[in-house]
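Peer 1: What shape does this take:
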Amino acid sequence: MFKVDRLRFGTAGIPLSTPKRSTIDGVAHVRNLGLDAMELEFVRGVNLKPELAKKIKYVAKKHDVLLTAHAPYYINLNAAEKAKVEASKNRIIQSAERLHDAGGWSVVFHAGYYLKQPPQSVYQKILEALRDIEKKLMDKGIKVWIRPELTGKPTQFGDLEEIVKLSEELEMVLPTIDFAHAHARSKGEFNSIEEWREMLSLLEDRLGREALDNMHIHMSGIEYTAKGERRHLNLQESDMKWEDLLKVLKEFKVKGVVISESPNIEEDALLMKKKYEEIEA
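Peer 2: Below you'll find the model as predicted:
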């Protein structure tokens, strides 16, 4: 895995203001905007051909844009049907392969649902699936971070403890911390400097400094109910104390990427980058 030099800011997908809607043009436009990361959105399926991925790699390197990827939404490593679990594993593997072809660094996915089963048995099933994914990727010489995401609803597998524990057990696994999801999942907690310090301290204590030097972060505003996440909002239309969060990220000298998942993706990415650079170290 290559090292990330700083905390970078980017968009979940091609920026909305990109004149021509292609991934290559999106990468170049990210740089034109003054951002330095972009997430490839494979959410409806991995439809990127290897040849095009290699061209994207060249453009991303030329413009110094760090690439991540979001694997398809149709993933449930705890599905009752074995065929669905295998299809889910293949979607993560394909996402990692294409990201690797594109010179990318980290692939994120929602691991699964509890389906009213005991969380511990769900954990074991997802652990075994990820162990298999990791082995297959290693056998192919593919080195990217595999990232179960901190999810936004209590019915979804993926609270902080679960994704940290997976990261302790597997070599290629680190968490994706979606701070908006943490806020929604807890019905309004995880929105203070103290709580974010606790989260980052936990990551460092359990996973070492490497986890903070390679963070894959999702950020947006969020609307939530008693059932958790409802929809993403722009930062300034939400109750997220995002400026305080940026202060904590700087305090902990976090490196990696902050991907904006707000509806106005590049506006909030630029807003966060500008604010972050204004904070005294």
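
Peer 1: Excluding covalently adjacent residues, which one is nearest to L99?
Peer 2: Of all residues not flanking L99 in the chain, A69 sits nearest, at 4.2 Å (CB to CB, 6 or more residues apart in numbering). In this view, the C-beta of every residue, glycine as well, is placed from N, C-alpha and C.

Peer 1: which SS class is the one you found?
Peer 2: At A69 the chain is in strand, as set by DSSP: H, G, I helix; E, B strand; the rest coil.

Peer 1: Look up phi and psi at S22.
Peer 2: phi -130, psi 160 (degrees, to the nearest 10).

Peer 1: Identify the residues contacting it.
Peer 2: Each residue near S22 by CB atoms under 8 Å, 6 or more residues apart in numbering is listed here: I14.

Peer 1: Now do it, the pLDDT please.
Peer 2: S22 carries a pLDDT value of 96.

Peer 1: Kindly provide the distance from it to V59.
Peer 2: In this view, S22 and V59 are 10 Å apart by CB to CB, to the nearest Å.

Peer 1: thinking again about what came up before, what's near enough to touch the residue nearest to L99?
Peer 2: With contact set as CB under 8 Å, 6+ apart, A69 has these partners: 39-42, 95-96, 98-99, 102, 104, 106-108.

Peer 1: Which of these fall within helices?
Peer 2: Among the contacts of A69, DSSP state H puts S95, A96, R98, L99 in helices.

Peer 1: The second one: how many residues sit nearby?
Peer 2: Other residues near A96 come to 28 when the count uses other CB atoms under 10 Å.

Peer 1: Please apply the same query to the first one.
Peer 2: Neighbours of S95 under the rule other CB under 10 Å: 27.

Peer 1: Show the residue spans covered by the strands in the stretch 151-281 of the chain.
Peer 2: 176-178, 215-219, 221-225, 228-233, 256-260 (DSSP state E, counting those that start in this stretch).

Peer 1: Figure out how far the fourth one is from the centre of its chain.
Peer 2: Right, strand 228-233. Offset of strand 228-233 from its chain centre (CA atoms, centre = their mean, to the nearest Å): 16 Å.

Peer 1: Pull out the buried residues from it.
Peer 2: Buried positions in strand 228-233, judged by neighbour count with 16 or more other CB atoms under 10 Å: G228, E229, H232, L233.

Peer 1: same question, the third one
Peer 2: For strand 221-225, the neighbour count (16+ other CB under 10 Å) marks G221, I222, Y224 as buried.

Peer 1: wouldn't P148 be in contact with P175 here?
Peer 2: Yes - between P148 and P175 there is a contact under CB atoms under 8 Å: 6.4 Å.

Peer 1: Next, show the common contact partners of these two.
Peer 2: Common contact partners of P148 and P175 (CB under 8 Å, 6+ apart): I163, L166.

Peer 1: hang on, R44 in a strand?
Peer 2: No - under the criterion used here (three-state DSSP), R44 is coil, not part of a strand.

Peer 1: Make sure it is actually in contact with R91.
Peer 2: No - here R44 lies out of contact with R91, judged by CB under 8 Å, at a distance of 11.0 Å.

Peer 1: Between these two, tell me which one has more neighbours.
Peer 2: More crowded of R44 and R91, by other CB under 10 Å: R91, with 19 against 9.

Peer 1: so who does the closest residue to that one other than its chain neighbours touch?
Peer 2: The spatial neighbour of R91 that comes closest, neighbours along the chain excluded (CB to CB, 6+ apart), is P72 at 4.7 Å. Shown in contact with P72 (CB under 8 Å, 6+ apart): F42, V43, R44, G45, V46, R91, S95, F109.

Peer 1: can you pull the contacts of the last one?
Peer 2: Shown here is F109, whose contacts under the criterion CB under 8 Å, 6+ apart are H70, A71, P72, I75, R91, I92, S95, R147, P148, E149.
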